[in-house]
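A.B. asks: Coordinates for the following, if possible.
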Amino acid sequence: MSIDFNSADFDERLHLVDFNKSTPQTLTQETSDALDAAHAFLDDLEAGKMDMDGEPLAIIDQFDTLSHAIHRPFGVLSHLNSVMNSEEIRHAHHEILPKLSEFGVRVGQSKALYDLYKTLQNDLKGSGDFARVRATFLALQSFDLSGVSLPDDKKDQFAKIQSELSLLSAQFSDNVLDATGAFALPLTQEQLDGITPSGLALLKAAGDNYKAKHPDATLPTDYVATLDIPMYLAVMQYATDRKLRETLYHAYNTRASAEWTFEGKKDNKPTKFDNSDIMTRILILRTQKANLLGFEDYTQLSLATKMADSDDEIERFLLDLANKARPFAQKDLAEVQKFAKTLGIEDVQPWDVPFISEKLQNAKYSLDSEAIRPYFPVPVVLDGMFDIIHELFGVRFIAKDAPVWHKDAQFYEVHGKDGLIGGAYIDLYARAGKSGGAWLSDFQGKHERLDGSQTLPMCFVVGNFSPAVDGKPSLLTHDEVLTLFHEFGHALHHLLTRVNIADVSGISGVEWDAVELPSQFMENFAWDKAGIAKISRHVETGEPLPDDKLNAMLAAKNFQSGLQTLRQIEFGLFDLRMHAGNLTDYAAIMTTLNQVRDEVAVIMPPSNNRFPNSFSHIFAGGYASGYYSYKWAELLSADAFGVFEDHAGDTGVINPVIGKAFYDNILAMGGSRTAKENFTAFAGREAKIDALLRHSGFEVA
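C.D. replies: Numbering: from 1, shown residues only. All right, here's what the predicted structure looks like:
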């Protein structure tokens with residue numbers, strides 16, 4: 001979306017991106033030029049051409065500036081690769097990856113840089129500058145985990161592993177995106193039965209897109225089913241055609257695998273997107289990397305930078321939670337199976353569960369998910385969420401006209417009581433060429449150089465919600481509302497930092513198994529009565545959500561909580577055991593998954609299920625041996641919200657006094673202290689599991 005851009009209209013500390021000029025060519029050139037400058041600096045440093053007896057912090061400050069100049073344009077390119085994927089962008093992104101990997105390895109293995117940080121660490125003793133002390137500790141830890149002490153031949157091996165891993169992860173992500181886009185099923189009139197008006201509008205939009213790409217195609221109707229999540233769920237939750245649901249289920253859950261099926265038949269063409277060999281190679285390389293650094297397996301390496309001390313500790317936590325959740329999950333499933341008989345379904349299959357559950361929820365709570373969607377138009381939800389954030393933390397999001405990459409994106413300045421504190425781009429809707437899911441990209445951190453020049457934090461908040469159709473704004477399901485609050489929790493963690501060292505400001509430096517604390521914490525306000533009153537208003541009448549629907553929503557909060565909890569535990573245990581098992585073939589990956597399912601799951605998928613082949617969190621993201629973090633951090637977030645509940649006053653849990661304490665001790669501190677120290681400073685004690693069990697509905701009366 002082209003908008004005239006004058007940088008003078010914006011605070012220079014934002015270093016706002018001019019997307020009008022951010023082409024793949026300009027971004028790769030900027031990244032390459034910055035890499036050359038940083039390599040030249042390291043050449044001089046390692047050749048002894050700098051005064052090593054001088055102030056080490058001054059040299060580190062210079063190098064940090066050069067590093068930031070690399071990661072900024074690449075951060076934009078990486079973002080475009082995720083939200084506006086094209087052959088041109090993909091090629092540019094993948095071409096620069098090996099150079100970035102090479103640079104990252106060189107930095108991590110630079111003895112000259114390492115010695116500078118060791119000197120700085122000694123200089124900081126007794127200084128009281130806890131943020132700089134923490135940043136220096138984490139930097140030295142990163143050097144150790146990058147092989148700085150390895151002999152030269154092992155360093156070369158480590159570098160090759162890192163380079164190959166970066167490319168493999170990108171290829172994995174590409175295959176998931178391409179496999180998702182390879183499926184398009186024109187629907188007959190009979191197959192449309194049961195699908196809601198909003199679902200039909202989505203499928204119609206997919207049909208329009210299909211016809212634009214295939215102008216000579218003759219379709220039975222104007223509707224096409226795809227595997228993009230909004231379209232997929234429109235069918236899985238509402239279509240009465242059981243065979244159609246089965247077809248989509250198999251297509252979705254065999255993406256990027258050799259088992260990819262279409263109408264029950266294997267089609268060899270999409271197997272070119274098969275991730276099986278890539279996954280195996282990634283695991284082998286991760287094990288080799290861990291072994292080089294002296295660890296028995298990759299899980300040990302991963303946990304070196306997390307809150308949890310060992311995989312045994314995590315297993316105990318997950319299995320204990322599974323034992324508490326299982327009776328509730330079994331009850332959930334029994335309820336589904338009993339209700340299914342009223343729908344004429346005797347043998348409940350996985351592709352039936354979303355459909356039956358939607359009907360069951362409506363019957364049990366008089367709650368139709370589709371009936372409440374009109375009460376959550378995106379503009380209302382955003383305004384209400386921003387109002388909650390302002391009441392809690394005293395910050396405002398102000399929309400500004402600035403260049404963006406797509407007409408659906410919007411830029412916001414973020415202001416605190418003392419003025420501008422950062423900026424956020426928001427891109428919420430699903431579309432072709434956009435990776436699935438929702439995420440926060442913290443591409444620019446808060447930082448202050450020794451000369452006093454500043455950079456304010458900037459981020460991208462990305463979703464894949466149902467787009468606007470038929471002239472109406474996008475209408476969200478409550479699950480999508482929760483996702484929006486979740487990602488803004490991450491955004492607040494990034495934007496509200498008061499730490500001026502990028503390595504420990506915002507999310508940076510926070511242990512991975514604690515980084516979900518603010519995100520999951522914010523979800524609670526989308527369940528609170530006062531919060532819902534702020535974020536809901538009927539798209540046509542402007543009426544607030546009626547009490548009967550509100551009460552039904554709250555009553556249904558823990559609907560199938562047992563099943564959902566076991567599913568998350570299944571993912572976490574699978575990830576942990578897979579990386580602790582030093583696996584070397586695809587069959588072993590599937591065996592590990594099936595063993596975990598036998599242990600904790602109550603709904604067993606069919607044998608052709610290939611969920612791991614699209615498990616981007618761990619094969620293309622940062623969650624390897626860390627997916628357990630969602631449940632680990634949920635304990636922290638539930639307990640933190642429990643503090644708000646304990647101090648609820650006239651305004652309920654939207655309490656600015658406790659909000660300030662959360663801001664001051666968790667959001668503002670970022671990674672400058674350990675997550676445990678931050679939580680204890682906020683709550684006045686260590687975290688307990690009680691609130692998590694209560695919020696999940698697992699307390700026994």
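
A.B. asks: Is the one residue sitting closest to the centre of the chain bridged to anything, and to what?
C.D. replies: In the chain, the centroid-proximal residue (C-alpha atoms, centre = their mean) is residue 439; its distance is 3.8 Å. On the basis of DSSP bridges, residue 439 is bridged to residue 462.

A.B. asks: Next up, the contacts around it.
C.D. replies: Neighbour list for residue 439: 82, 462, 487 [criterion: C-beta atoms under 8 Å, 6 or more residues apart in numbering]. Placement of C-beta: from N, CA and C, glycine included.

A.B. asks: Out of those, flag the one nearest to residue 313.
C.D. replies: Among the contacts of residue 439, residue 487 lies closest to residue 313 (C-beta to C-beta), at 28.5 Å.

A.B. asks: okay, now that closest one: neighbour count?
C.D. replies: Using other C-beta atoms under 10 Å as the criterion, residue 487 is surrounded by 22 other residues.

A.B. asks: pretty sure it is touching residue 463, no?
C.D. replies: Yes: assessed by C-beta atoms under 8 Å, residue 487 is found in contact with residue 463 at 6.8 Å.

A.B. asks: ok, the residue nearest to residue 442 when sequence neighbours are not counted - how many residues close by?
C.D. replies: The shortest distance from residue 442 to any non-neighbouring residue, by C-beta to C-beta, 6 or more residues apart in numbering, is to residue 494 (4.5 Å). Residues near residue 494, counting by other C-beta under 10 Å, number 28.

A.B. asks: which residues touch residue 494?
C.D. replies: Taking C-beta under 8 Å, 6+ apart as the criterion, residue 494 is in contact with 422, 440, 442, 445, 457, 459, 506-507.

A.B. asks: Same question for residue 421.
C.D. replies: By C-beta under 8 Å, 6+ apart, residue 421 lies in contact with 395, 414-415, 456-457, 495-496.

A.B. asks: in the strand or helix carrying it, what counts as buried?
C.D. replies: Using DSSP states H and E, residue 421 falls within strand 419-429. Across strand 419-429, burial judged by 16 or more other C-beta atoms under 10 Å covers 421-429.

A.B. asks: Going by distance to residue 325, which of these wins?
C.D. replies: Nearest to residue 325 among the buried residues of strand 419-429 is residue 428, at 31.3 Å by C-beta to C-beta.

A.B. asks: Please enumerate the shared neighbours of residue 487 and residue 463.
C.D. replies: residue 438.

A.B. asks: thinking again about what came up before, how about the buried residues of strand 419-429 in JSON lines, adding pLDDT and distance to residue 630?
C.D. replies: Shown next, in JSON lines, are the buried residues of strand 419-429 (pLDDT from 0 to 100; distance: C-beta to C-beta, whole Å):
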{"residue": "421", "pLDDT": "98", "distance to residue 630": "28"}
{"residue": "422", "pLDDT": "98", "distance to residue 630": "26"}
{"residue": "423", "pLDDT": "98", "distance to residue 630": "28"}
{"residue": "424", "pLDDT": "98", "distance to residue 630": "23"}
{"residue": "425", "pLDDT": "98", "distance to residue 630": "25"}
{"residue": "426", "pLDDT": "98", "distance to residue 630": "23"}
{"residue": "427", "pLDDT": "98", "distance to residue 630": "23"}
{"residue": "428", "pLDDT": "97", "distance to residue 630": "22"}
{"residue": "429", "pLDDT": "95", "distance to residue 630": "24"}
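
A.B. asks: could you say which helix or strand contains residue 464?
C.D. replies: strand 458-465.

A.B. asks: What's the first helix or strand after that strand?
C.D. replies: Following strand 458-465 in sequence, per DSSP H and E, is helix 478-495.
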